[in-house]
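Chemist: Based on what follows, work out the 3D shape:
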Amino acid sequence: MNATAISIIAILLYTISWVLISLRVRSTIQSPQQDASKSTRNYTKIYFISWFIALILHIFSLHVPLMLGKAMALNFFTLASYVMWFISLVLFITTIKRRIESLAIFILPYTILSIILAIQLSSNTGHFIQMRSGLGLHVLLSLLAYSLLLLASFQALLLSYQNMRLHTHQMSGLMRALPSLEDMEYLLFRFITLGVILLTFSLISGFIYLDDLFAQRVAHKTILSLVAWFVFSILLFGRWKYGWRGRKAIRWTLAGFIILMIAFFGTKFIQEFII
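Modeler: As a prediction, this is how the structure comes out:
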């Protein structure tokens, strides 16, 4: 079975998970007192299993070249698929302990889209990297850091939406489906903390394994990544020292992520599709 066939099966399983999660969230909104019903528990079991298998198949399809003894081409769409896989994995693991499965309604469609784009638009062009090398470690750490901070930025947008709705006393169905403000804020800073730790190791590994991080081809990426690291670090310090939360935390999170997005995907997009 080739990578495309495996990817298609992963898409189908992600879709099943999304449909079942949507049904579960809708039934919870309509009948909160029946949240622990037998049908709801069955939904949970099935979407957990299908989501778990989809995650395995997704990452397996991305690593088929490595299993065939080849280097991996990390082009724009392959990177995007990696990022969405790790975001889905983090969300899946977190859902086991905290009831935040409603966030998957927003995340899984983008995961599915990333696989489709990787199948349709990826080619053999791009930087070929042997993931077992020091450079491979640097790339992996960078992807993990970017994924967590992307998830944090998405979390910040939803938190902003919740705050706005609460201030205007407009409790829509979507509002009732989202986790509590306490859980959302807890997850936001958890993702940021883990993301900053991974970004720190990514920068350190870059200085160790790359010949010149400030060479003309990668200088802008290095500088922007350092700026993003400072922005997120200041946010964490402000949270610890001054209790930053709410709008201030949301703004700092989005500012840091925009800088990091330009560093990672902006430069990659320009190099592959414009230059």
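
Chemist: use CA for all of it now, contacts and neighbours both
Modeler: OK.

Chemist: contacting residues around the residue nearest in space to the middle of the chain?
Modeler: Centroid-nearest residue in the chain, with CA atoms, centre = their mean: residue 87, separated by 2.9 Å. If you count contacts by CA atoms under 8 Å, 6 or more residues apart in numbering, residue 87 has them with 107, 147-148, 151.

Chemist: Mind checking what secondary structure residue 179 has?
Modeler: Secondary structure, DSSP: H, G, I helix; E, B strand; the rest coil: residue 179 is coil.

Chemist: Run a quick neighbour tally on it.
Modeler: By other CA atoms under 10 Å, 18 other residues sit near residue 179.

Chemist: so where's the stretch 151-275 of the chain uncertain?
Modeler: 169-177, 211-218, 266-275 (pLDDT under 70).

Chemist: Could I get the full set of helices for it?
Modeler: For the stretch 151-275 of the chain, helices defined by DSSP state H, counting those that start in this stretch occupy the ranges 173-177, 181-209, 219-242, 246-261, 267-269.

Chemist: Take the ones you listed and lay them out in TSV including distance to residue 79 and mean neighbour count.
Modeler: TSV is the format used below for the helices of the stretch 151-275 of the chain (distance: least, CA to CA, whole Å; neighbours: other CA atoms under 10 Å):
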stretch	distance to residue 79	mean neighbour count
helix 173-177	30	16
helix 181-209	16	18
helix 219-242	15	17
helix 246-261	12	19
helix 267-269	10	16
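
Chemist: what about dumping the CA coordinates of stretch 95-110 to CSV?
Modeler: Output in CSV follows, covering the C-alpha atoms of stretch 95-110 (Å, rounded to 0.1, in the frame of the first residue of the first chain):
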residue,chain,number,x,y,z
THR,A,95,-8.7,15.4,25.3
ILE,A,96,-8.1,12.2,27.3
LYS,A,97,-7.7,14.2,30.5
ARG,A,98,-9.8,17.3,29.8
ARG,A,99,-13.1,17.6,28.1
ILE,A,100,-12.0,19.8,25.1
GLU,A,101,-13.1,17.5,22.3
SER,A,102,-15.2,20.4,20.9
LEU,A,103,-11.9,22.0,19.7
ALA,A,104,-11.5,19.1,17.3
ILE,A,105,-14.5,20.4,15.3
PHE,A,106,-12.2,23.3,14.3
ILE,A,107,-8.9,21.4,14.1
LEU,A,108,-9.7,18.2,12.2
PRO,A,109,-11.0,19.8,9.0
TYR,A,110,-7.7,21.7,8.6
